[in-house]
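*Asks:* predicted model and sequence follow; I will ask about them next.
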Amino acid sequence: MKVHFIAIGGSAMHNLAIALCQKGITVTGSDDEIFDPARGRLEKYGLLPAEEGWHPERITPDLDAVVLGMHARIDNPELLRAQELGLKIYSYPEYLYEQSKDKLRIVIGGSHGKTTTTAMILHVLAHCGIEADYMVGAQLKGFEVMVRLSHTAKVMVIEGDEYLTSPIDRRPKFHLYKPNVAIITGIEWDHINVFPTFDIYRDQFAQFINLIEPKGTLIFCDEDAEVHRVAVENQRTDIQKLPYVCPEHRVENGVTYLLGTQASRLHAAETAAHPVPLQVFGHHNLLNLTAARLACRQVGVTDEQFDEAISTFEGASKRLELVKKSDSCAVYKDFAHAPSKLRATIHAMREQYPDRKLVACMELHTFSSLTQEFLQQYRGTMDEADVRCVYFSQHALQLKKLPPLDPEEVKKSFGGNVEVFTDSAAMVAKVKAMDWKDANLLMMSSGNFDGIDFNQLAEEVLI
């Protein structure tokens with residue numbers, strides 16, 4: 001079997017290409033630019049194109065499938081050639097479904113918490129010796145790549161992104177997976193460039209529920225009012241609905257302990273008597289953990305097995321990830337960029353370290369966050385931090401073809417209680433000049449603050 005990837009260098013696309021290669025499928029691909037880590041990984045598996053650019057001559061009649069990445073345009077010469085030849089063209093999520101349609105599919109949707117919940121499920125299944133294929137949006141410890149496809153696994157765990165499928169398919173990705181077990185972690189307006197109103201955005205999750213396979217299961221966060229609404233308003237009677245809330249826990253000497261579960265009274269009593277120490281923390285992570293528990297039950301994992309496994313879970317990459325710490329200071333980085341993510345991550349740090357000063361820095365990096373009308377959603381999100389810094393790059397605005405932002409308007413949007421920077425070096429200089437005894441630093445972005453080396457910054461702060 002031969003498969004060609006148009007835009008093979010994408011973060012998701014190159015992982016799928018490697019997964020197919022590992023499965024024994026002949027893979028080729030093209031892209032107009034490929035950066036590390038995709039470049040190094042593709043080269044390792046012999047999949048790096050000999051030269052960059054689009055080459056329609058690579059699209060030949062003997063191809064069994066063409067996988068089209070979101071990075072490609074609708075006038076891409078390779079795409080046009082594939083259409084001319086009448087080849088089968090798949091989007092990334094379409095091909096994932098094609099490879100998993102005979103498996104039990106666990107699909108994790110939501111505006112936040114998807115990656116962590118997916119990672120927790122995979123960690124527990126691996127710990128319990130349950131083979132699973134997967135697609136996850138971050139590099140996980142103990143997993144070489146972000147996509148696995150096999151002939152033998154009976155379960156597929158998929159992180160279900162609500163962004164668009166491909167240049168020629170405007171459906172949200174998670175609408176294509178047809179889950180047997182669906183999770184919705186939270187609903188908060190995002191991607192305003194494709195979902196211009198909150199009602200349109202929320203409706204994508206209502207449609208997601210309707211795409212669950214008959215006799216399937218919906219696991220949903222009952223603490224989120226919007227999630228509760230779409231779950232309760234859905235009239236399907238052929239699926240099981242499992243709401244969840246935050247489990248009982250306590251924080252002691254910087255460690256969060258799980259005290260009870262939504263399991264049997266017997267196990268809850270055992271857990272209360274022998275608290276489960278966790279390596280992750282925060283209300284939002286405890287919610288993610290509970291969603292993962294309910295999903296793992298669907299494939300036969302007991303609560304005792306889950307607790308044993310989850311106690312060794314260290315978190316997903318860049319999700320409230322510890323960079324470095326000393327006895328009186330800790331530096332964390334987090335992928336947080338949406339309003340609810342900022343609020344949840346800052347609250348988690350405050351709850352875990354109540355006696356330390358908290359310095360929180362965030363970067364406006366996504367299309368939504370750099371849009372003037374959306375900025376109002378950030379009001380009050382950083383209030384629990386003692387020092388609040390917000391950074392954005394005028395260059396990022398130009399790349400996204402957005403109008404300039406006035407730093408004073410950004411400050412007003414957050415509630416006037418932040419210091420706004422358009423020069424990351426100036427922000428770093430302010431951070432380095434602070435007294436870091438009994439203080440923590442939290443760096444939040446879906447980017448990297450224009451090239452900040454987090455490890456070096458942590459080294460200098462902790463000196």
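*Replies:* Received, thanks. Residues are numbered from 1 along each chain as shown.
*Asks:* for residue 104, give its distance to residue 19.
*Replies:* Residue 104 sits 18 Å away from residue 19, going by CB to CB, to the nearest Å. C-beta coordinates here come from the backbone N, C-alpha and C atoms, glycine included.
*Asks:* more neighbours, these two?
*Replies:* Neighbour count, other CB atoms under 10 Å: between residue 104 and residue 19, residue 19 has more, with 22 against 18.
*Asks:* doesn't residue 145 make contact with the more buried one?
*Replies:* Yes. Distance between residue 19 and residue 145: 6.4 Å, which falls inside the contact criterion (CB atoms under 8 Å).
*Asks:* what is in contact with the two at once?
*Replies:* With contacts defined as CB atoms under 8 Å, 6 or more residues apart in numbering, no residue is shared by residue 19 and residue 145.
*Asks:* skipping its backbone neighbours, what lies nearest residue 38 in space?
*Replies:* residue 14 (4.2 Å; CB to CB, 6 or more residues apart in numbering).
*Asks:* so how far is residue 75 from that neighbour?
*Replies:* For residue 14, the distance to residue 75 equals 23 Å [CB to CB].
*Asks:* so which of the two has more stuff around it?
*Replies:* Comparing residue 14 with residue 75 by other CB under 10 Å, the one with more neighbours is residue 14, at 29 against 8.
*Asks:* any idea which element that one lies in?
*Replies:* Element membership of residue 14, judged by DSSP states H and E, is helix 11-22.
*Asks:* contacts for that helix, please.
*Replies:* Outside helix 11-22, the residues that touch it by CB under 8 Å, 6+ apart are 3, 5, 7-8, 27, 29, 34, 38, 41-42, 45-47, 67, 69, 71, 92, 95-96, 135, 137, 145-149.
*Asks:* now, which of the residues you listed lie within strands?
*Replies:* Judged by DSSP state E, strands contain the following of the contacts of helix 11-22: 3, 5, 27, 29, 67, 135, 147-148.
*Asks:* which one of those residues is nearest to residue 379?
*Replies:* Using CB to CB, residue 135 comes nearest to residue 379 of these, at 34.7 Å.
*Asks:* is it true that the closest one touches residue 145?
*Replies:* No. Using CB under 8 Å, residue 135 is not in contact with residue 145, being 9.9 Å away.
*Asks:* those two: which has the busier surroundings?
*Replies:* Applying other CB under 10 Å to residue 135 and residue 145 shows that residue 135 carries more neighbours, namely 28 against 19.
*Asks:* OK, contacts around that one?
*Replies:* So, once contact is read as CB under 8 Å, 6+ apart, residue 135 ends up touching 12, 15-16, 96, 146-147, 156-159.
*Asks:* and these as a markdown table, adding pLDDT and distance to residue 417?
*Replies:* Compiled in a markdown table, the contacts of residue 135 are given as follows (pLDDT from 0 to 100; distance: CB to CB, whole Å):
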| residue | pLDDT | distance to residue 417 |
| --- | --- | --- |
| 12 | 87 | 37 |
| 15 | 93 | 40 |
| 16 | 94 | 43 |
| 96 | 94 | 43 |
| 146 | 88 | 37 |
| 147 | 92 | 42 |
| 156 | 98 | 45 |
| 157 | 98 | 40 |
| 158 | 98 | 39 |
| 159 | 96 | 34 |
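*Asks:* just curious, which of those is nearest to residue 294?
*Replies:* When the contacts of residue 135 are compared against residue 294 (criterion: CB to CB), the nearest one is residue 157, at 13.5 Å.
*Asks:* now do that closest one against residue 50, distance only.
*Replies:* The spacing between residue 157 and residue 50, counted by CB to CB, is 34 Å.
*Asks:* how about the residue nearest in space to the middle of the chain, what does it touch?
*Replies:* Nearest to the geometric centre of the chain sits residue 115, at 3.7 Å (CA atoms, centre = their mean). Contact criterion CB under 8 Å, 6+ apart gives 136-138, 159, 316, 319, 335 as the residues in contact with residue 115.
*Asks:* residue 373 now?
*Replies:* The neighbours of residue 373, taking CB under 8 Å, 6+ apart as the test, are residue 192.
*Asks:* shouldn't it be within a helix?
*Replies:* Yes. According to DSSP: H, G, I helix; E, B strand; the rest coil, residue 373 belongs to a helix.
*Asks:* where does the stretch 151-300 of the chain have low pLDDT?
*Replies:* The stretch 151-300 of the chain contains residues with pLDDT under 70 at 260-273.
*Asks:* for it, which segments count as strands?
*Replies:* With strands called from DSSP state E, counting those that start in this stretch, the stretch 151-300 of the chain shows them at 155-159, 164-166, 169-172, 181-184, 217-221, 240-244, 249-252, 255-258, 276-278.
*Asks:* those: which one's closest to residue 402?
*Replies:* In terms of CB to CB, the element of these nearest to residue 402 is strand 164-166, at 18.5 Å.
*Asks:* how about residues contacting that closest one?
*Replies:* Residues from elsewhere that reach strand 164-166 (CB under 8 Å, 6+ apart): 68-70, 72, 91-94, 170-173, 175-176, 194.
*Asks:* okay, now the domains of this structure?
*Replies:* The chain breaks down into these domains under automatic domain parsing: 2-87, 96-310, 321-461.
*Asks:* state the mean pLDDT of the last one.
*Replies:* Put plainly, it is domain 321-461. For domain 321-461, the mean pLDDT works out to 92.
*Asks:* and the end-to-end length of that domain?
*Replies:* For domain 321-461, the first-to-last residue distance is 17 Å (CA to CA, to the nearest Å).
*Asks:* before we move on, what about the first one?
*Replies:* Distance between the boundary residues of domain 2-87 (CA to CA) amounts to 12 Å.
*Asks:* repeat that for stretch 380-399.
*Replies:* Length of stretch 380-399, first residue to last, CA to CA: 28 Å.
*Asks:* do the same with stretch 318-333
*Replies:* 6 Å.
*Asks:* and the contacts of that stretch?
*Replies:* By CB under 8 Å, 6+ apart, the surrounding residues in contact with stretch 318-333 are 115-116, 119, 138, 280-282, 285, 315, 334-335, 345, 348-349, 353, 356, 436-444, 454-455, 457-459, 461-462.
*Asks:* pull out the buried residues from these.
*Replies:* A residue is treated as buried here by neighbour count (16 or more other CB atoms under 10 Å); on that basis the buried members of those are 115-116, 119, 138, 280-282, 285, 315, 334-335, 345, 348-349, 353, 356, 436, 439-444, 454, 457-458, 461-462.
*Asks:* check the gap between residue 286 and residue 333 for me.
*Replies:* 20 Å.
*Asks:* what of residue 184?
*Replies:* When CB to CB is applied, the distance between residue 184 and residue 333 equals 26 Å.
*Asks:* of the two, which one has the most company?
*Replies:* Higher neighbour count among residue 184 and residue 333: residue 184, with 29 against 25, using other CB under 10 Å.
*Asks:* setting aside sequence neighbours, what's the nearest residue to that one?
*Replies:* Taking CB to CB, 6+ apart, and ignoring the residues beside it in sequence, residue 184 has residue 220 as its nearest neighbour in space, at 4.7 Å.
*Asks:* hmm, the one you found is touching residue 242, no?
*Replies:* Yes. Counting by CB under 8 Å, a contact exists between residue 220 and residue 242, whose distance comes to 7.4 Å.
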